[in-house]
Structure formats: C-alpha cells, structure tokens
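Visitor: Fold the following, please.
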Amino acid sequence: MVVYVDADACPVKAEAEAVATRHKTRILFVSNGGLRPSQNPLVEMIYVPDGPDVADMWIADRAGPSDVVITGDIPLAAKCVEAGAQVLRHTGERFTQANVREQLAMRDLMTDLRAADPFRQGGGKAFSKSDRARFREALDLALRRAPSST
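Guide: Numbers count the residues shown, from 1 in each chain. A predicted model of the protein is given here:
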C-alpha cells in the first residue's frame, strides 16, 4: 500500500504525512521540484521533469487497488479510480466510480464557461480548518479500508 500525493499544489501535505505515518504507510510526494525533503523514513520525494501533467502521468502509471491517491486533478482522479485506487480531494471528498465522470463533465463545462467570459471574476471558497480536519478523517478511513498489498 502506498499513498501518492499530487504534491505541487497540495495544501494538505503535512496532514497527509502525519496520517500516513500513524498508519506506518509509505507516502510519495510527486512534484516537479521545489518541495523540501522530509526526514521521515516513510516519505519519499519523487521529482519529475517539468511539463504538463508529467506528475499526473507518473502517479497514474503506478497507482493500483491497494493505494490511495490525493489530488485535486479530476482527469488524474478518473484514471486512478479506474485503476482501482482510492482517490481523495484535499477537502476529504472521495472520487468514486459513481461520481468521477460527472465531475469530469462539470470541469469541462466550467472550463468552457470561463473561456466564454474572460472577465469572469471570483473563485472557490477559501480552504479552511474544517477542510483540513475532513481530509485527515477521510485519509484515515481510506488507509483503514485499503486492501493489504501483501
């Protein structure tokens, strides 16, 4: 079992490391650089070359049924769900077979809406302490329910 973190823009790296460590689970932070190495023996920093979706492809090529993936990238989530991995957003929301296609469609719709109105302002709500708490709880549950890789 491995926890893969799409780490470049991940706001819950410390929480993910703490929960994975409590479960004695290996965790890989995948990015194209700029992350400070951890002294934790369960943590591995994976640095991939710059380029669009290189970290996503690296994770998607490796994640499987006994793994947990943490990402906000919906196309990556869809690939990992298809591979059988448990996938969590940074807010703790789970991507599943039942919801990932709908979320891909919504993402595409929002991309089209933003392209149609370049002056559109605003964004999502701020990331909160309760989001962090929900994430920790969701990751803890995902690690307890993940099948053993042995």
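
Visitor: After the lowest-mean-pLDDT helix or strand in the chain, which helix or strand is next? Please name it.
Guide: Within the chain, no helix or strand scores below helix 100-116, which has a mean of 63 by mean pLDDT, DSSP states H and E. Next helix or strand after helix 100-116 toward the C-terminus (DSSP states H and E): helix 129-145.

Visitor: ok, A20 - contacts?
Guide: For A20, the contacting residues are V3, R26, I27, L42, V43, L139, L143, by C-beta atoms under 8 Å, 6 or more residues apart in numbering. Using the backbone N, CA and C atoms, a C-beta is placed for each residue, glycine as well.

Visitor: out of these, which are buried?
Guide: Buried by 16 or more other C-beta atoms under 10 Å: V3, R26, I27, V43, L139, L143, out of the contacts of A20.

Visitor: Please convert these to TSV, extending it with pLDDT and distance to L35.
Guide: TSV is the format used below for those (pLDDT from 0 to 100; distance: C-beta to C-beta, whole Å):
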residue	pLDDT	distance to L35
V3	98	15
R26	97	16
I27	98	12
V43	97	10
L139	97	19
L143	96	22
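
Visitor: just to revisit the earlier point, JSON lines for the contacts of A20, including distance to P75 and secondary structure?
Guide: Rendered in JSON lines, the data for the contacts of A20 read as follows (distance: C-beta to C-beta, whole Å; DSSP: H, G, I helix; E, B strand; the rest coil):
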{"residue": "V3", "distance to P75": "20", "secondary structure": "strand"}
{"residue": "R26", "distance to P75": "25", "secondary structure": "strand"}
{"residue": "I27", "distance to P75": "22", "secondary structure": "strand"}
{"residue": "L42", "distance to P75": "28", "secondary structure": "coil"}
{"residue": "V43", "distance to P75": "26", "secondary structure": "strand"}
{"residue": "L139", "distance to P75": "21", "secondary structure": "helix"}
{"residue": "L143", "distance to P75": "24", "secondary structure": "helix"}
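
Visitor: Pick out whichever of those sits closest to N99.
Guide: L139 (18.0 Å; C-beta to C-beta).

Visitor: Skipping adjacent residues, who's closest to that closest one in space?
Guide: Distance criterion C-beta to C-beta, 6 or more residues apart in numbering; nearest residue to L139, sequence neighbours excluded, is V19 at 4.6 Å.

Visitor: That neighbour against A133, yeah?
Guide: No: if you go by C-beta atoms under 8 Å, V19 and A133 don't touch, sitting 11.5 Å apart.
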